[in-house]
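Asker: Sequence and predicted structure below; questions after.
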Amino acid sequence: MNLILIFIAAAVTNNFVLTYFLGICPFIGVSNRLESAFGMGMATTFVMTLAATVTWLINHYLLIPLHIEFLEYVTFILTIASLVQLVEMFIRKTSPELYRALGIYLPLITTNCAILGLTLFVVLRNYAFLEAVIFGFGAGVGFTLALVVMAGIREELEFADVPKPLKGTGITLIIAGLLALAFMGFGGLISS
Amino acid sequence: MPLYKEFTKGLWKENPVFVQVLGMCPTLAVTTSAIYGFSMAAATTFVLVSSSFVVSVFKRFIPNQVRIATYTVIIATFVTVAHYFLKANFPPISKALGPYVPLIVVNCIILGRAEAFASKNSVVRSLADALGMGVGFMIALVILGGVRELFASGAVFGYTVMPHWQPWVIMILPAGAFISLGILVGVFNLISTRMKR
């Protein structure tokens, strides 16, 4: 039950993009086409789940026993960077098709603050191992959801008559604001 | 290009938030009030200037293949310094900013300046550039924080400006952050095009 709650909270009610403002750069940058938004979302979900798993293990079996928690940020960011690299090499060897679909998005993921934010949240909230994995997966699903919804809206927006100064970033941010309002409506799903 | 121009370009012409649309996460997340925006920008500027300095001093010794990883480690080191400094000296601010201080590590402005400027230019120029970008970031955050605080509570930097203001709760919610920044970017574009004419 607890795991389901963590999943729903990470994916919908406390959506990473729309309530914690994590991963805004790809959210604005890659959300102009539905197809690329979905690819980016999938790649990010994959890396998020892995990152939550691996950094949890590193934190509990390396940093805490050795009392070097102050190295947290350096270790985590290096872990994420090397994970992305590994995932890229693995996908290129095993499934060229998937690589062609995700390839260009993978390097971008390293600098996605949603991933580092996720690993920091796991530490802050003292999640157990399974909770951390589910949390990572849920956050990824939520990120994909926000990205895909946004891309759908922006594809329609190309035909809309937007005031000139607001074109591009301005209108995207305002729509994101309206989306955030809409997502607040899900708040009732979890009352805690 | 004269040295002062390296500094001033970050303030308006290449403003990191309004023009380059970089570093959005902290910009939106911590600007519920002007003072939080200011503290966040001060911490970011510290990391930006120090890492630009280190990168430009050691640019000859950093191998090209691992430069991004090296920059990231340099940045993460200074972020750790900033985080513990805030935690020790300004505990309430550190608590309010929460995980967004460590998240300076992945602020694209810093990595962007290290890669695009500090790794190719002299130490003095890199310092001027980093300082300009930092101040530009600060201007954007203080304006956004000020606007949100003003409409949310009728005060700026904690001083009441509009005494009988009916608070707009939406301004401190995430939705208010997105909408205010969207409108501010629009206003910025409007002023820029007017000035060019």
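Answerer: Alright, I've got the coordinates.
Asker: A:Glu155 versus B:Leu144, what's the distance?
Answerer: 28 Å (CB to CB, to the nearest Å). Every residue, glycine included, has its C-beta placed from N, CA and C.
Asker: Spit out the contact partners of the spatially most central residue of chain B.
Answerer: The residue lying closest to the centre of chain B (CA atoms, centre = their mean) is B:Phe137, at 3.6 Å. Residues near B:Phe137 by CB atoms under 8 Å, 6 or more residues apart in numbering or on different chains: B:10, B:16-17, B:23, B:27, B:41, B:44-45, B:48, B:109.
Asker: Neighbour-wise, give me the winner out of those residues.
Answerer: Taking other CB atoms under 10 Å in any protein chain shown as the neighbour criterion, B:Leu48 ranks highest of the contacts of B:Phe137 with 31 neighbours.
Asker: Next, the contact list for that one, please.
Answerer: With CB under 8 Å, 6+ apart, B:Leu48 has these contacts: B:109-110, B:113, B:130, B:133-134, B:137.
Asker: so what's the closest residue to B:Phe117 other than its chain neighbours scoring on pLDDT?
Answerer: Nearest residue to B:Phe117 in three dimensions, chain neighbours excluded: B:Asp129, at 5.0 Å (CB to CB, 6 or more residues apart in numbering or on different chains). B:Asp129 is assigned 93 on the pLDDT scale.
Asker: now swap in the one 3 residues further on and tell me
Answerer: B:Gly132 is assigned a predicted lDDT (pLDDT) of 94.
Asker: Just the element for it, please.
Answerer: helix B:123-153 (DSSP states H and E).
Asker: what mean pLDDT would you report for the helix or strand following that helix?
Answerer: Downstream of helix B:123-153, the first helix or strand assigned by DSSP H and E is strand B:155-156. The average pLDDT for strand B:155-156 rounds to 88.
Asker: and if you look at stretch B:1-9?
Answerer: Across stretch B:1-9, the per-residue pLDDT values average to 86.
Asker: Other residues contacting it?
Answerer: Here stretch B:1-9 has contacts from B:124-125, B:128-129, B:131-132, B:135, using CB under 8 Å, 6+ apart.
Asker: And these, which is closest to chain A?
Answerer: Using CB to the nearest CB, B:Asp129 comes nearest to chain A of those, at 19.9 Å.
Asker: so who does the closest one touch?
Answerer: The contact partners of B:Asp129, by CB under 8 Å, 6+ apart, come to B:6-7, B:9-10, B:52, B:113, B:117-118, B:121.
Asker: Go through chain A and flag its longest helix.
Answerer: helix A:129-157 (DSSP state H).
Asker: Quick one: list the elements packing against that one.
Answerer: Packed against helix A:129-157, as judged by 3 or more CB pairs under 8 Å, 6 or more residues apart in numbering or on different chains; DSSP states H and E, are the following elements: helix A:2-8, helix A:24-29, helix A:34-58, helix A:113-124, helix A:169-184.
Asker: Residue 168 - how many residues pack around it?
Answerer: Answering for chain A, as no chain was given. 15.
Asker: Actually, chain B is the one I wanted.
Answerer: B:Trp168 has 15 neighbours, counted by other CB under 10 Å.
Asker: How about it: what's its closest non-neighbour residue?
Answerer: Nearest non-adjacent residue to B:Trp168, counting by CB to CB, 6+ apart: B:Phe151, 4.7 Å away.
Asker: Over to B:Trp12?
Answerer: Per CB to CB, 6+ apart, closest to B:Trp12 is B:Gly136, 7.4 Å.
Asker: quick one: the one you found and B:Leu22 touch, right?
Answerer: No. Judged on CB atoms under 8 Å, B:Gly136 makes no contact with B:Leu22 at a distance of 10.5 Å.
Asker: which one of the two has more residues nearby?
Answerer: The neighbour comparison of B:Gly136 against B:Leu22 (other CB under 10 Å) goes to B:Gly136, with 27 against 19.
Asker: show me the residues around the more buried one that make contact.
Answerer: B:Gly136 makes contact with B:10-12, B:14-17, according to CB under 8 Å, 6+ apart.
Asker: which one of those sits closest to B:Val66?
Answerer: The closest of those to B:Val66 turns out to be B:Pro16 (CB to CB; 25.8 Å).
Asker: now the closest one, what's its secondary structure?
Answerer: Under the three-state scheme (DSSP: H, G, I helix; E, B strand; the rest coil), B:Pro16 adopts coil.
Asker: Quick one, grab the pLDDT at it.
Answerer: 88.
Asker: Give me the below-cutoff pLDDT ranges for chain A.
Answerer: A:102-104, A:191-192 (pLDDT under 70).
Asker: Show me the strands in chain B, by range?
Answerer: Secondary structure of chain B (DSSP state E): strands at B:155-156, B:159-160.
Asker: Reformat those as CSV; add mean neighbour count and distance to chain A.
Answerer: Listed next are the strands of chain B as CSV, based on neighbours: other CB atoms under 10 Å in any protein chain shown; distance: least, CB to the nearest CB, whole Å:
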stretch, mean neighbour count, distance to chain A
strand B:155-156, 18, 22
strand B:159-160, 9, 26
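Asker: What's the separation between the nearest residue to A:Leu120 once chain neighbours are set aside and A:Leu116?
Answerer: Excluding the flanking residues, the one nearest A:Leu120 by CB to CB, 6+ apart is B:Pro99, at 4.6 Å. To A:Leu116, B:Pro99 is 9 Å away according to CB to CB.
Asker: Could you do A:Ala10 as well?
Answerer: A:Ala10 sits at a distance of 15 Å from A:Leu116 (criterion: CB to CB).
Asker: And for A:Ser31?
Answerer: The gap separating A:Ser31 from A:Leu116 is 20 Å, by CB to CB.
Asker: do the same with B:Val169
Answerer: Separation of B:Val169 from A:Leu116 (CB to CB) stands at 30 Å.
Asker: Looking at the two, which one has more neighbours?
Answerer: With neighbours defined as other CB under 10 Å, B:Val169 and A:Leu116 compare such that A:Leu116 has more, 25 against 9.
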